[in-house]
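1. pasted the sequence and its predicted model underneath.
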Amino acid sequence: MPERPILVLTATGGQGRAVTTALLHRGAVVRALVRDPGRPGAQALSRRGVEVVSGLLEDADSLTGAMRGVAGVFALTTPFESGPEAEVGQGRAILEAVREADVPHLVFSSVAGATQRTGVPHFDSKAIVESEVRASGVPYTILGPTYFFDNALGNQERILAGSLDLPLPSDRPLQQLARSDHGAFAAEVLLHAEKYAGRRIELASDAPTPAEMSRTLSDAIGREVRHDRFPVESIRNPDMHAMWEFLNGPGYQVDITTLHAAHPEIGWTSFASWARQVFGSAS
């Protein structure tokens, strides 16, 4: 177990919270970078014994300060506030800081499919960051999460009203990932850098079809939930339109059987287990 802290970037976001929780569960010392240490999420981390520091993904100076003296860094980039070009800029700021602070191991959370030349803007921007990570000379591991189970919560009211809105055929598997599994895997990599350095690993917990998801949600909620397949053409956001075109086409290609067999310690959450936990009390 490293005695120096492990730094988690964007620690109050979905991925960052999951990684922080997993690291704390394993007894690691955690430093968390947040935009505003005064916000409730950051205060909650502090109460759990996490060292909270302020910084921005695009600000290499604040990142460098946060990275001084750490055993490793969990990092991600996002295009959803300022666009794909800004995401690439975040990646470059992170790499600059990692080199300046002489960080011994960078774990970069990208996306599954980023190396498939998908044409999805937020996949392609992550692919650029991945390429620069590999060329940087920095010790690294790249993780590629698939579609998160939690994405369904964006349409929680529709699900509770009886409709699962997904622009996929009912029999088309969709590889997905529990945030807790992602956090547990990232923690494993951060705590055992020597086993994972230089590797790119794509992650999925389960691959239910929309029909299976609907049945599972129906059981969890206690009333019927139907899959409502709407046309991809109706999606106005170009990035999301391209993503769903990809998921209707080649899609993610994680070898789930091999992944789970190689890492039984993760536990791997099924969609059914997640749905029971999240929706089981809704009726």
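-> Noted; the coordinates are in hand. Numbering: from 1, shown residues only.

2. contacts only, for residue 153.
-> residue 278 (Cβ atoms under 8 Å, 6 or more residues apart in numbering). All C-beta atoms are positioned from the backbone trio N, CA, C, and that covers glycine.

3. quick one, helices of this structure?
-> 14-25, 40-47, 60-67, 84-101, 121-135, 156-160, 179-191, 193-196, 210-221, 238-248, 256-262, 271-279 (DSSP state H).

4. can you list contacts of the longest one?
-> So that's helix 84-101. By Cβ under 8 Å, 6+ apart, the residues outside helix 84-101 that reach it are 9, 57-61, 63-64, 66-70, 73, 75, 77-79, 103, 106, 108, 121-122, 124-126, 128-129, 132-133, 136-138, 239.

5. please indicate which of the residues you listed are buried?
-> Buried members of the contacts of helix 84-101, scored by 16 or more other Cβ atoms under 10 Å, are 9, 57-58, 60, 63-64, 66-67, 70, 73, 75, 77-79, 103, 106, 108, 121-122, 124-126, 128-129, 132-133, 136, 138, 239.

6. in stretch 164-171, which residues are buried?
-> 164, 166, 167, 168.

7. adding mean pLDDT and distance to residue 230, write the helices of the chain out as TSV.
-> Formatted as TSV, the helices of the chain follow (pLDDT from 0 to 100; distance: least, Cβ to Cβ, whole Å):
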stretch	mean pLDDT	distance to residue 230
helix 14-25	97	25
helix 40-47	95	33
helix 60-67	96	40
helix 84-101	96	25
helix 121-135	96	21
helix 156-160	95	11
helix 179-191	98	25
helix 193-196	96	39
helix 210-221	97	11
helix 238-248	96	10
helix 256-262	98	27
helix 271-279	96	20
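
8. so which of those is the most surrounded?
-> Of those, the one with the most neighbours on average (mean count of other Cβ atoms under 10 Å) is helix 179-191, at a mean of 23.

9. can you tell me which helices and strands that one packs against?
-> helix 14-25, strand 72-76, strand 106-109, strand 140-145, helix 193-196, strand 200-203 (3 or more Cβ pairs under 8 Å, 6 or more residues apart in numbering; DSSP states H and E).

10. between that helix and helix 271-279, how big is the angle?
-> 110 degrees (axes from the mean of the first three to the mean of the last three Cα atoms, to 10 degrees).
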